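Student: I'll drop the sequence and a predicted model, then ask my questions.
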Amino acid sequence: MKEMSLISQGVLGYGFVNPEYIPEGADEYWQRNQQIGERAKQWRKLRSDEIAVLVKNNNFCSNWDNFFVSDPFNPHLIRNSQFYGLVRLGAVRDNLLQYHDYKIPAGIRDSTIISCDIGDDCAIQNCPYISHYIIGDQVIISRVDEIQVSNHAKFGNGILTTGESEDVRVWIDVMNEAGGRSILPFVDMIPADAYLWAAYRDDAALVAQLKEITQRQYGAGRGRYGTIGSWSVIKGCGIIKDVAIGDCAYIKGANKLKNLTILSSEDEPTQIGEGVELVNGIIGYGCHVFYGCKAVRFVMGRNSNLKYGARLIHSVLGDNSTVSCCEMLNNLIFPAHEQHHNNSFLIASLVQGQSNIAAGATIGSNHNSRANDGEIRANRGFWPGLSVTLKHPSRFASYVLIAKGDYPYELDIPLPFALVNHDVARDRLEIMPAYFWMYNMYALERNAWKAASRDKRVVKIQRIETDYLAPDTAEEILHAMELLELWTGRAALFAGGENPEAYTESALRNLGRNLLSAAENRMGGLEVYAEGLERHKRPALIVKPRKAWRAYNRMLRYYALKGLLAYAEARPDEAVPELLAELDGEYSARGKKRETGWVNLGGQIVPEPKVDELRRDIGEGKLDSWDAIHARYDAMAAEYLHDRAIHAWALLLELPPMDGAAPFTADGLLHGRDLKTLIAEGREIRGWISNEVYKSRAKDWQDPFRKITFRNDAEMEAVLGRVEDNPFINMARKETEAFEKRLDRLEQRFKV
């Protein structure tokens, strides 16, 4: 069937919306005029002398009566151009527009304009087709082959316009290639929204309401015009169709942009560069997309970068992320993600932020079933090393580092801050829990600092937790300690010739805890093996379980102290004993049970009951817009400091002691005795962290193989600098000094 037809030239620019889709009493420009709103100009018809000048300058208009201008209007600045439909111009003055070193005179030259509104002092040249767009003030458009909008444009939103069938709706299949977690993109989407929609698929009322909310809030009748915001620059591009562009955007050399919203503002300008092809998506404020990137069915969060040929398909990429070169399909990625290498793949995954994917990593491309319906779930701080290959389905606790290797079986690693290694020679999996804390503090501390320092969002829509010690990781640590106790108890009984199956789990844990917590190492050469960490019955060795358990314990004490300290600092005019008594009262009112469920909601850490309440309120229609849902996120963020403080208090009272010390008690904390001990431990731990940051980085200067490419130490120092001058090491020392001063003030307030 042929798709081309001949129509009368006189209808060009008219009949944009079919009559059946125009509301009663309105005309085809009703949406256009609503979109302009307060930005409307004082338009007037042309004078006969102005028409004469325009015709003399080789301009053509199908109907000069539908050509409107604003004063001041200089007709000499419009040349060799054609106009169709209702055209309305802002001021046309003899000005020069400049963007960096690029200068262009205002006016319209060698272009075809079809039914557009154009703002003040714009420069449009060599554009053979601009149709149905509202263009802001002082916009430069040069050498663009085609800019147009269809009457059913959605601008990247997953909505339907009047009269459309459900099969044309654009979905994004995050987390799973099979499509069972599909979500609808929309302009204001953040990773929390995508997670809420994709993760709780069993909540039918929630899923149905989110679809309805999206359609109601972002849907519209037919006939919306495309927009190009003021002070934007578009040059040297191919096709731009059904795209809404914000203020101060810079688009240069893009091949194809279709069905998009490009969010941009003076404070957070977005830039799109050469060879880029973007279809069906939302680009957040302050984003950069350069050098041949391809993205289809996607959402990019604020201040994110896509560079060097990266492919982003069926994915949501969180704020403050940078992706280069690689291929990413069917992912939901939380803020602060880094992936920079051409030979890395991330497929069908939920990666919950502060993550880094190394070269050669193949995450989730190996299917062990007959369908492509597997998933990878990785909590915060996920770090698969060089040439790591993982299979679906796999799950990882926070801050898991995976050593180079081809992992032949699916993995379930519940031990946070762990190093995972595939020992091919011994045919076994090896896990060192708390590895980061024990041996690579520089990387751990720098990860948290980097995630916070690279948060360049001018408008911070959501509170993103960047501290590696937070309620979510604290609960993972507690669970890991229980597992270490259980596995150690079993190993001890096996070594003594007894059958662990004759003991209850509680008894096994008590036995393991006694061995792990004792001041004197009584484990000798005991080897501890884990169960259920991979889809295989081969042994999984736990490396240094006693040291890891004790490291976990110290991490939790430090976490609890920081939580209580931050809470006290937020209420500087209240007495600390009264604040602690208040927390204890709330803890007691909850039956002396801590909150064990915490949800990473797009980078924001929230108690699970509050997420359940949120889901229930959405499903019942109490929250009936995304604005209302985002307001609830804000309310939960405002309560986070308090929620974390109660969790820290409960954790201290439930934390098992070590080295024969007495456990913390409410009475001891309230009367200062245990608090004094906790503060002293906090000082010691923070000093130890600072020293470990230095030591773990100094290894790079002390390693003899690091020196082999230099003639002498002086050359090495000239190239690498001195470890003592490392800015992050010095910053860690300053943070230690600041932390100690904070503790001094806390002691003064409590008088301990």
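Tutor: Great, that's in hand.

Student: from here on, contacts and neighbour counts on C-alpha atoms
Tutor: Fine.

Student: helix, strand or coil: sort out the residue lying closest to Phe728 once chain neighbours are set aside for me.
Tutor: In space, and not counting its chain neighbours, Phe728 is closest to Arg446: 7.4 Å by C-alpha to C-alpha, 6 or more residues apart in numbering. Classification of Arg446 into helix, strand or coil gives helix, according to DSSP: H, G, I helix; E, B strand; the rest coil.

Student: and if you look at the one 10 residues further on?
Tutor: Following three-state DSSP, we place Lys456 in the coil state.

Student: ok, it - how many residues close by?
Tutor: Counted by other C-alpha atoms under 10 Å, the residues lying close to Lys456 total 15.

Student: what's it in contact with, if anything?
Tutor: With C-alpha atoms under 8 Å, 6 or more residues apart in numbering as the criterion, the residues that contact Lys456 are 303, 320.

Student: again, but for Val458
Tutor: 267-268.

Student: doesn't Asn730 make contact with the residue nearest to Phe728?
Tutor: No - distance between Arg446 and Asn730: 12.0 Å, which falls outside the contact criterion (C-alpha atoms under 8 Å).

Student: just to revisit the earlier point, and the gap between the residue nearest to Phe728 and Gly721?
Tutor: 18 Å (C-alpha to C-alpha, to the nearest Å).

Student: with Gln215 instead?
Tutor: 57 Å.

Student: neighbour count: the two, which is higher?
Tutor: More neighbours surround Gln215 than the other of Gln215 and Gly721, with 18 against 13 (other C-alpha under 10 Å).

Student: list the buried residues in the longest helix along the chain.
Tutor: When the chain is parsed with DSSP state H, its longest helix is helix 673-702. In terms of neighbour count (16 or more other C-alpha atoms under 10 Å), helix 673-702 has its buried residues at 674-676, 678-679, 681-683, 685-687, 689-695, 697-698, 701.

Student: average pLDDT for that helix?
Tutor: Predicted confidence along helix 673-702 averages 88 (mean pLDDT).

Student: now stretch 629-649
Tutor: Across stretch 629-649, the average pLDDT comes to 97.

Student: mind checking the end-to-end distance for that stretch?
Tutor: The first and last residues of stretch 629-649 sit 30 Å apart, counting by C-alpha to C-alpha.

Student: ok so Lys241 is a strand residue?
Tutor: Yes - with three-state DSSP as the criterion, Lys241 is part of a strand.

Student: after the helix or strand of the chain with the lowest mean pLDDT comes which helix or strand?
Tutor: Lowest mean confidence among the helices and strands of the chain (mean pLDDT, DSSP states H and E): strand 362-366, at a mean of 74. Using DSSP states H and E, the helix or strand that follows strand 362-366 towards the C-terminus is strand 376-378.

Student: which residues make contact with that following strand from outside it?
Tutor: 175, 348-352, 363-364, 391-398.

Student: over to stretch 736-748?
Tutor: By C-alpha under 8 Å, 6+ apart, the surrounding residues in contact with stretch 736-748 are 565, 568, 576, 676, 679, 683, 686-687, 690.

Student: pLDDT of it, averaged?
Tutor: If you average the per-residue pLDDT over stretch 736-748, you get 92.

Student: could I get that stretch in PDB with only the CA atoms?
Tutor: Once side chains and other backbone atoms are set aside, the C-alpha atoms of stretch 736-748 remain, and they are given as PDB (Å, rounded to 0.1, in the frame of the first residue of the first chain):
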ATOM      1  CA  THR A 736      38.000  12.900  61.700                       C
ATOM      2  CA  GLU A 737      38.900  16.100  63.500                       C
ATOM      3  CA  ALA A 738      35.400  17.500  62.800                       C
ATOM      4  CA  PHE A 739      33.800  14.200  64.100                       C
ATOM      5  CA  GLU A 740      35.700  14.400  67.300                       C
ATOM      6  CA  LYS A 741      34.600  18.000  67.800                       C
ATOM      7  CA  ARG A 742      31.000  16.900  67.300                       C
ATOM      8  CA  LEU A 743      31.500  14.300  69.900                       C
ATOM      9  CA  ASP A 744      33.000  16.900  72.300                       C
ATOM     10  CA  ARG A 745      29.800  19.000  71.900                       C
ATOM     11  CA  LEU A 746      27.600  15.900  72.500                       C
ATOM     12  CA  GLU A 747      29.500  15.100  75.700                       C
ATOM     13  CA  GLN A 748      29.200  18.700  76.900                       C
END
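
Student: list the buried residues for that stretch?
Tutor: For stretch 736-748, a neighbour-count test (16+ other C-alpha under 10 Å) marks 736, 739-740, 743, 746-747 as buried.

Student: got it, and stretch 42-61?
Tutor: Going by neighbour count (16+ other C-alpha under 10 Å), the buried part of stretch 42-61 is 46, 51, 53-55, 57, 59-61.

Student: packing partners of the host helix or strand of Tyr552?
Tutor: With elements taken from DSSP H and E, the one containing Tyr552 is helix 545-570. Counting contacts by 3 or more C-alpha pairs under 8 Å, 6 or more residues apart in numbering; DSSP states H and E, the secondary-structure elements packed against helix 545-570 are helix 435-439, helix 471-495, helix 505-517, helix 640-654, helix 673-702, helix 727-750.

Student: what about the shortest one, average pLDDT?
Tutor: Translated: helix 435-439. Confidence over helix 435-439 (mean pLDDT, whole number) is 96.

Student: now do the buried residues in that helix.
Tutor: 435-438.

Student: what comes into contact with it?
Tutor: 399, 417-419, 443-444, 548, 551, 692, 696.

Student: out of the residues you listed, which comes closest to Gly236?
Tutor: Ala443 (42.6 Å; C-alpha to C-alpha).

Student: for this structure, give me the ranges with low pLDDT.
Tutor: 1-10, 365-371, 751-752 (pLDDT under 70).

Student: nearest residue to the middle of it?
Tutor: In the chain, the residue lying closest to the centroid (C-alpha atoms, centre = their mean) is Gly318, at 1.8 Å.

Student: quick one, what contacts that one?
Tutor: 190-191, 300-302, 304, 333-337, 353, 602.

Student: make CSV out of those and add neighbour count, secondary structure and distance to Gly292.
Tutor: Compiled in CSV, these are given as follows (neighbours: other C-alpha atoms under 10 Å; DSSP: H, G, I helix; E, B strand; the rest coil; distance: C-alpha to C-alpha, whole Å):
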residue, neighbour count, secondary structure, distance to Gly292
Ile190, 27, coil, 25
Pro191, 25, helix, 25
Met300, 29, strand, 16
Gly301, 28, coil, 20
Arg302, 30, coil, 20
Ser304, 27, coil, 16
Ile333, 30, strand, 22
Phe334, 32, coil, 24
Pro335, 31, coil, 23
Ala336, 30, coil, 22
His337, 25, strand, 20
Gly353, 32, coil, 25
Gly602, 27, coil, 28
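
Student: I'd like the distance between the closest residue to Gly13 other than its chain neighbours and Met716.
Tutor: If you skip the residues right next to it in sequence, Gly13 has Gly85 as its closest partner in space, 3.9 Å away by C-alpha to C-alpha, 6+ apart. Between Gly85 and Met716 the distance, using C-alpha to C-alpha, works out to 69 Å.

Student: between these two, which is the more surrounded one?
Tutor: Each of Gly85 and Met716 has its neighbours counted (other C-alpha under 10 Å); Gly85 has more, 25 against 17.

Student: could you measure from that one over to Ile357?
Tutor: For Gly85, the distance to Ile357 (C-alpha to C-alpha) stands at 52 Å.

Student: let me see the domain layout of this structure.
Tutor: Here the domain parsing of the chain from automatic domain parsing is 1-148, 676-750.

Student: give me whichever of the ones you listed is most buried.
Tutor: Across the domains of the chain, averaging neighbours per residue (mean count of other C-alpha atoms under 10 Å) puts domain 1-148 on top, at a mean of 18.
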